[in-house]
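K.L.:
Pasting the sequence and the predicted model now:
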Amino acid sequence: MSVANPVVERLTRADLRAFVSRAVVAAVRRAAATSPLYAWFYGRAGVRPELLSTIDEVRRHVPLLSKQDVLAFQQTLPGGGATPTDPAVRQLHLTSGTSGAGREIYPRDSNDLAGLGIPGAYEYLWAGLRPGDRLMLTIPYSQTMAGPYFQETCAAAGLVPVNAFAGSTADRLRDLYRFACAGISGTPSYVHRLTLEAREQGLRPATDLPSLRAVFVSGEPYGAGWAHDIGAFWGATVCEGWGATQTLGVAMCTCEHGAVLLDADGAPAHGVLHGLDHRCWIEVVGPDGTPVEPGQTGEIVVTTLRPGGQPTIRFRMADRVRLLEPGSCGCGRALSCYAAGTIGRVDDMIKIRGMNVWPDAVDAVLLRSPVVDYRGRVYSDERGRESVEVTIAFAAGTPPSAVADHPERLRHAVRQAVGVTVDIRVVDPADMPEEQFKSRRWRDERAVREAPVGSHA
Amino acid sequence: MPDASEDADLRGATRDAWEAVQRIRAGLSDRPAGGGLLGVLAERVSALLGEFAWEIGLLDPAEAPPGARLDHVGLVVHDLRAAATLYGGLLGGALRSGGTHRGMGVRSLHFTYPGGGKVELLQPVAPGPVADFLDARGGGPHHLTFFAPSLDDAETAFARHGIEVIGADRTAPEWQEVYLAPRTTQGCLIQVVQGPEPPAADAVTVESVLADEWEWVDHRPRRASTQVR
């Protein structure tokens, strides 16, 4: 068994539960007393966190906080969530707002920055990587906070980051071998693309890249069969981490067992994510906010436990996960358990090339005269690249000369609005498929969802 | 994996390091620009050490952040029963403890409040400083009591800033205290304590305190009848 922290991993379930309970109550009280956001939110809701003394009381009395609540609060301060004169603030972290839904502001103090990479280090060290090992990072630095978070996680684990986000896929394959990397980190879609190109080049990393031990994926759901094939091709354990700006880094991750296992029939099945419970309290709730039972799927709600510049208390992540019984993994750790590979959205947000894209934001750009309707499709092209095709229809009778440059202008406008480049195709309104619900305008046909690596869209 | 004794060593060393870093930061805070680069480096070292302490389970998650904590306000009253009605029933305070402190010549009650905070009601029962205060001022706010993580560090900082200590009791390891001269604190008598907060005494009632059934011994309320003085 790999060990990241012998103290935490030796805790019994009862000890861990008691610790989390005390930490949650303290975090809620501290937030109410010190954070302008929570003073505002609890004041409006008439909540008195200072009267709470148990985690069950927190569940019953402290309301869930949503992105919309945070954005509403940010309208009340000139600096958004950051008090401009607060001398303790060392960085401002903003969520990726090119989605069009607005950017949450998280002021960070020195405690936050010191702890930023620690939870993610569990994922790397549990996967068997050791200080000094090289890890290739492929997640882009631009537009999201993911890059700096990955960098800090490498620092916390003692790993040497190979910052490959600037090169081509061919460059990255070359550098994996040149630097004898022990791990690769990327989205499932990008790992898929890397794998296709490696196959095209005739590489056999399972035998000719023995240094590689783990492939770390995050950011989108993937099929167990796909993950099994990826692990076999690279000769590495496929691992997964989940986290966000709101959780100050990773909040749940796989252990040495990885993200895919073989069931009793020998078929690939999703493995187990462990909550890093001593740093982040994870709840899984139904639509009415009540906890779901193990085996059921619900929305992830997070509470950060370490004191910091901007706490996150009972925040609805709008991501969903399947809760598992504690001990489901069999690794012996007392940490909470969730199904790997399946984390997706509860709303209609789509993650494209690491960017959060809400259809509403695209609607606002596209659904203007003379466009009367559109359909979007996210897919993997023949080289495994995440691609987006948008099919639009102009109002009947629109003269072609009047809209000759319209597709190119819309392409630019979508890029400006949501940070994603799309290909635009124009069809006759009669050829546009009927859809009852707005969110059905979008289809996700990316190869990593279920298909094995050899058969892509 | 380390065993319990190894954990204890780890925790002890971390505490020592923490105290050293806080001394460094306190020293730098007096320098121009807070020590500049040195101040920022010390802040980062302190933050990293805080993470280390959390990861080894040293920090109590419910513990107050480092620094002094205001524990209570001491109020001198001439009618303890009437004051108990006001600060207890009318203001919603919960009686936490109480008793007679023969050395100080006072009878006291401690009330806590659901929204936070604590008051100590002091009624003089014998000649002494509290009786003198009542005679001179007719009662009212008498002192503030803070709990500090390190009385040594606090005293060093007080001396550096010309704050004078007028009384000290450091005879008991579990409870050490100093009083700061009001003439050097802009008029407020301040008690600074290093030690655990005395536990609540559920059996204490207002009537039993007024009947002298409880007295303060070693900073804890004890039934007077069980004490041999």
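P.N.:
That came through fine. Predicted, not measured: the structure shown is a model, and the values here were computed from it. Numbers count the residues shown, from 1 in each chain, chains lettered A, B, ... in the order given.
K.L.:
can you give me how far the lowest-mean-pLDDT helix or strand in chain B is from the chain middle?
P.N.:
The weakest-scoring helix or strand in chain B, judged by mean pLDDT, DSSP states H and E, is helix B:151-160 (a mean of 83). Helix B:151-160 sits 15 Å away from the centroid of its parent chain (CA atoms, centre = their mean, to the nearest Å).
K.L.:
Show me where the stretch 251-400 of chain A has its strands.
P.N.:
A:260-262, A:268-270, A:272-275, A:280-285, A:297-304, A:315-324, A:337-339, A:344-345, A:350-352, A:355-357, A:371-380, A:386-394 (DSSP state E, counting those that start in this stretch).
K.L.:
Can you tell me the closest non-neighbouring residue to the spatially most central residue of chain A?
P.N.:
Centroid-nearest residue in chain A, with CA atoms, centre = their mean: residue A:219, separated by 3.9 Å. Computed as CB to CB, 6 or more residues apart in numbering or on different chains, the closest residue to residue A:219 that is not its neighbour in sequence is residue A:187, at 4.4 Å. All C-beta atoms are positioned from the backbone trio N, CA, C, and that covers glycine.
K.L.:
bridging residues for the residue nearest to the spatial centre of chain B?
P.N.:
The residue lying closest to the centre of chain B (CA atoms, centre = their mean) is residue B:147, at 3.2 Å. With DSSP bridges as the criterion, residue B:147 is bridged to residue B:69, residue B:193.
K.L.:
And it, how close does it get to residue B:204?
P.N.:
Look at residue B:147 and residue B:204: by CB to CB, to the nearest Å, they are 21 Å apart.
K.L.:
now residue B:116
P.N.:
From residue B:116 to residue B:204 the distance is 21 Å (CB to CB).
K.L.:
One more: residue A:318?
P.N.:
Residue A:318 is 51 Å from residue B:204, by CB to CB.
K.L.:
Which one's more surrounded, the two?
P.N.:
Taking neighbours as other CB atoms under 10 Å in any protein chain shown, residue A:318 and residue B:204 compare with residue B:204 leading, 20 against 15.
K.L.:
Can you verify that one is assigned to a helix?
P.N.:
No. Read with DSSP: H, G, I helix; E, B strand; the rest coil, residue B:204 is coil and lies in no helix.
K.L.:
Show me where chain B has its helices.
P.N.:
B:4-29, B:37-55, B:80-84, B:129-137, B:151-160, B:206-210 (DSSP state H).
K.L.:
For the third one, buried residues please.
P.N.:
It refers to helix B:80-84. B:80, B:83, B:84 (16 or more other CB atoms under 10 Å in any protein chain shown).
K.L.:
Among the residues you listed, pick out the one closest to chain A, please.
P.N.:
residue B:84 (22.7 Å; CB to the nearest CB).
K.L.:
my read: that closest one touches residue B:207, true?
P.N.:
No. Assessed by CB atoms under 8 Å, residue B:84 is found out of contact with residue B:207, at 9.4 Å.
K.L.:
rewinding a little: so what touches the least confident helix or strand of chain B?
P.N.:
For helix B:151-160, the external contacting residues (CB atoms under 8 Å, 6 or more residues apart in numbering or on different chains) are B:19, B:22-23, B:26, B:30, B:68, B:148, B:164-165, B:170, B:176-178, B:180, B:192-194.
K.L.:
Taking those, please make a ChimeraX selection of just the buried ones.
P.N.:
Those of the contacts of helix B:151-160 that count as buried under 16+ other CB under 10 Å are selected in ChimeraX with:
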select /B:22,23,68,148,176,177,178,180,192,193,194
